[in-house]
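>>> Structure for this input, please:
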Amino acid sequence: MERSVTVATPPGSQRSPRSGVTSVGNAEATVRRRRRRLVGLLVLLLVLTAAVLASIAIGSKPIALPEVWHALTSPTGTEDDIVIGSLRLPRTMLGLAVGIALGVAGALMQGHTRNPLADPGLLGVNQGAAFAIVLSIFMLRTDDIYTLVWFGFAGALVATVAVFALGSVGRGGPTPVTLALAGAAISALLYALTSALVLLDAQSLEAFRFWRSGSLAGRDPEIVLQVLPFLVAGLVLALINSPGLNALSLGEDVARSLGQSVLLTRVVGIAAVTLLTGAAVSACGPIGFVGLVVPHMARAITGPDYRWLLPYSGLLGAIMLLVADVVGRVVARPGELQVGIMLALIGAPFFLILVRRRRLVRL
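Take a look at the predicted model:
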């Protein structure tokens with residue numbers, strides 16, 4: 001009598017033909033998704049290049065692209081060279097840096113708070129910078145833009161530390177809810193103090209009114225160089241934070257089971273938001289709606305993976321800010337509308353749509 005012999009195989013190799021086909025299909029879908037995301041990044045880079053060229057060429061005095069190229073590569077001191085080198089190029093570089101910073105900070109803020117309506121100012125950064133700037137004008141009687149940038153950044157940093165300390169009180173430590181509540185409380189307090197100082201001093205009122213509108217105009221390369229190290233440090237921390245934020249989006253218990261330190265992930269993320277937003281706000285004032293709108297645009301393309309969401313948010317933020325700045329120069333010639341005003345006109349309708357769409361409420 002013949003006996004059938006069964007050969008034992010390792011558990012990992014026991015796969016049915018159907019499961020093998022499924023694995024191959026999943027691998028192909030992953031490759032297609034990655035290719036689509038890479039193509040999307042390339043397209044955004046091309047659009048961003050076009051926005052940069054438009055920001056340099058378009059203004060109260062239109063300059064042709066050949067003249068722009070001449071001013072960038074071999075300036076000879078002509079009027080166009082001076083306009084581009086001294087005014088438009090620093091303005092464009094600042095818009096590029098601030099747009100990337102606010103886009104990435106907005107994505108981090110929404111991820112850490114699990115709130116689709118959160119923006120980088122939720123941690124009191126804007127009000128902290130505003131109060132420090134007004135206080136420096138009131139006490140030191142200075143209106144030097146270089147000095148105010150440092151005071152604004154210091155105020156943003158102190159406000160964020162205060163919010164994090166207040167939100168960490170209790171056994172549960174910092175949570176999205178406690179951080180949001182602490183941010184609202186600190187922001188309300190700082191706003192009241194800022195308003196009191198502004199009412200007491202006319203010079204503070206004038207400087208605060210200009211800074212409050214949010215503008216890229218009147219900044220030179222020194223401002224960009226002052227805030228650039230903080231922006232680079234914030235972007236590095238944001239990229240380091242993205243894997244932990246992916247785990248955290250599954251829930252704190254799941255993140256802990258995957259070996260993630262929830263506290264460390266939150267600290268790194270909040271530090272990144274503080275550096276990015278504090279540097280951006282201190283340089284050009286509070287610019288709203290970029291950190292709110294851009295992450296949702298990026299999420300619609302990339303999905304919830306923060307390793308892709310953060311680069312997309314940065315590029316989309318820079319494009320949105322530069323385009324709004326260019327439109328503000330065109331619609332009010334020979335004057336211009338500040339970029340903060342233009343973004344409010346663009347972002348407010350989107351905000352209303354966002355509130356009404358329920359499926360965007362969950363992150």
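
>>> from here on, contacts and neighbour counts on C-alpha atoms
Noted.

>>> what ranges do the helices span in the protein?
For the chain, helices defined by DSSP state H occupy the ranges 17-57, 65-73, 79-82, 89-113, 125-140, 145-167, 176-200, 202-212, 221-248, 252-257, 262-284, 290-302, 306-331, 339-356.

>>> so which of those helices is the most packed in?
Sort the helices of the chain by mean neighbour count, taking mean count of other Cα atoms under 10 Å, and helix 89-113 sits at the top with a mean of 27.

>>> tilt between it and helix 65-73?
Per axes from the mean of the first three to the mean of the last three Cα atoms, to 10 degrees, the angle that helix 89-113 makes with helix 65-73 is 80 degrees.

>>> could I get the helices of the chain as a markdown table with mean pLDDT and distance to D119?
Output for these, formatted as a markdown table (pLDDT from 0 to 100; distance: least, Cα to Cα, whole Å):
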| stretch | mean pLDDT | distance to D119 |
| --- | --- | --- |
| helix 17-57 | 81 | 22 |
| helix 65-73 | 82 | 36 |
| helix 79-82 | 81 | 37 |
| helix 89-113 | 90 | 5 |
| helix 125-140 | 82 | 10 |
| helix 145-167 | 82 | 14 |
| helix 176-200 | 84 | 11 |
| helix 202-212 | 68 | 17 |
| helix 221-248 | 88 | 15 |
| helix 252-257 | 81 | 22 |
| helix 262-284 | 87 | 10 |
| helix 290-302 | 88 | 5 |
| helix 306-331 | 91 | 13 |
| helix 339-356 | 77 | 12 |
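
>>> Spatially central residue in the protein, please.
L102 (2.0 Å; Cα atoms, centre = their mean).

>>> That residue contacts L316, correct?
No: taking contacts as Cα atoms under 8 Å, L102 lies outside contact range of L316: 10.0 Å.

>>> re the thing from before, can you tell me, leaving aside adjacent residues, what's nearest to the residue nearest to the centre of the chain?
With sequence-adjacent residues excluded and distances taken as Cα to Cα, 6 or more residues apart in numbering, L102 is closest to G291, at 5.2 Å.

>>> returning to that earlier point: could you report the separation of the residue nearest to the centre of the chain from M342?
L102 sits 16 Å away from M342 when distances are taken as Cα to Cα, to the nearest Å.

>>> again, but for A298
Remark: distance between A298 and M342 (Cα to Cα) = 21 Å.

>>> dump the residue contacts of D305.
N246 (Cα atoms under 8 Å, 6 or more residues apart in numbering).

>>> hang on, I meant S242
By Cα under 8 Å, 6+ apart, S242 lies in contact with Y306, R307, L310.

>>> Report the separation between it and R37.
According to Cα to Cα, S242 stands 16 Å off from R37.

>>> if we can go back for a sec, quick check, the residue nearest to L102 in contact with P120.
Yes: the criterion here is Cα under 8 Å, and G291 meets it with P120 at 6.1 Å.

>>> Please name the residues that touch L166.
L179, A182.

>>> cutoff 6 Å now
Listed by Cα atoms under 6 Å, 6 or more residues apart in numbering, the contact set of L166 is empty.

>>> same check, this time on V326
V326 touches S55, counting by Cα under 6 Å, 6+ apart.

>>> Try it again at 10 Å.
Residues in contact with V326 (Cα atoms under 10 Å, 6 or more residues apart in numbering) are 51-52, 54-59, 92, 336-339, 342.

>>> Much appreciated, bye for now.
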